[in-house]
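Colleague: 3D model of this:
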Amino acid sequence: MERFTISLDDSLAQQFDQLIAQRGYANRSEAVRDLIRGAIEGDRQRLPPAGNCVGILSYTYDHHERLLADRLTGLQHEHHDLTVAAMHSHLDHANCVEAVILQGLTADVRQFADALMAERGVHHGQLNLIALKADHPHSHTHDGQPHRHYGPVS
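Modeller: Just a heads-up that it's a prediction; the model follows:
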């Protein structure tokens with residue numbers, strides 16, 4: 001393990017310690033490691049889409065919007081190869097929240113998420129992506145379909 005030292009002004013150090021306490025970190029080192037991992041992943045996601053990913057698309061929408069629920073379901077069916085699972089919950093009399101787990105080529109996942117979030121009546125859409133790499137050098141079939149194993153890029 002490599003060690004390094006950083007200097008912070010008193011105000012920033014105090015705010016950082018508050019963040020550490022709020023998030024339940026055992027120490028500053030754990031918090032800094034997570035911040036660095038987040039920054040590296042953020043930079044990776046700004047690169048042109050490449051490879052495979054797993055993602056969670058979350059969004060709220062007004063279910064009174066004309067035919068919106070049908071359009072959203074239709075989009076998911078059109079992209080059944082990317083859609084792993086979906087969860088739906090009612091927030092109030094008019095609004096719903098959905099979370100959709102997606103897996104596939106990063107460019108395809110982003111394109112699908114953008115199309116869904118652009119639907120009139122969809123609000124607060126956000127896509128969280130995690131880059132994947134092939135975990136095993138082999139591929140095989142599952143129920144007659146080609147199947148590979150993937151794990152997160154570390």
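Colleague: Return the list of strands paired to the helix or strand hosting Cys53, each annotated with direction.
Modeller: Using DSSP states H and E, Cys53 falls within strand 52-62. When sheet partners are counted by DSSP bridges, strand 52-62 sits next to strand 95-105 (antiparallel), strand 122-142 (antiparallel).
Colleague: Show me what secondary structure element comes after it.
Modeller: Next along the chain after strand 52-62, taking DSSP H and E as the criterion, comes helix 68-78.
Colleague: Summarise which helices and strands that following helix is packed against.
Modeller: If you count contacts as 3 or more C-beta pairs under 8 Å, 6 or more residues apart in numbering; DSSP states H and E, helix 68-78 packs onto strand 52-62, strand 95-105, helix 106-117. Backbone N, C-alpha and C define where each C-beta goes, glycine included.
Colleague: what's next to the last one, contact-wise?
Modeller: Residues from elsewhere that reach helix 106-117, judged by C-beta atoms under 8 Å, 6 or more residues apart in numbering: 49-53, 55, 57, 59, 72, 75-76, 79, 82, 100, 102-103, 122, 125, 127, 129, 131.
Colleague: Report the buried members of those.
Modeller: For those, a burial check counting by 16 or more other C-beta atoms under 10 Å picks out 52-53, 55, 57, 59, 72, 76, 79, 82, 100, 102-103, 122, 125, 127, 129, 131.
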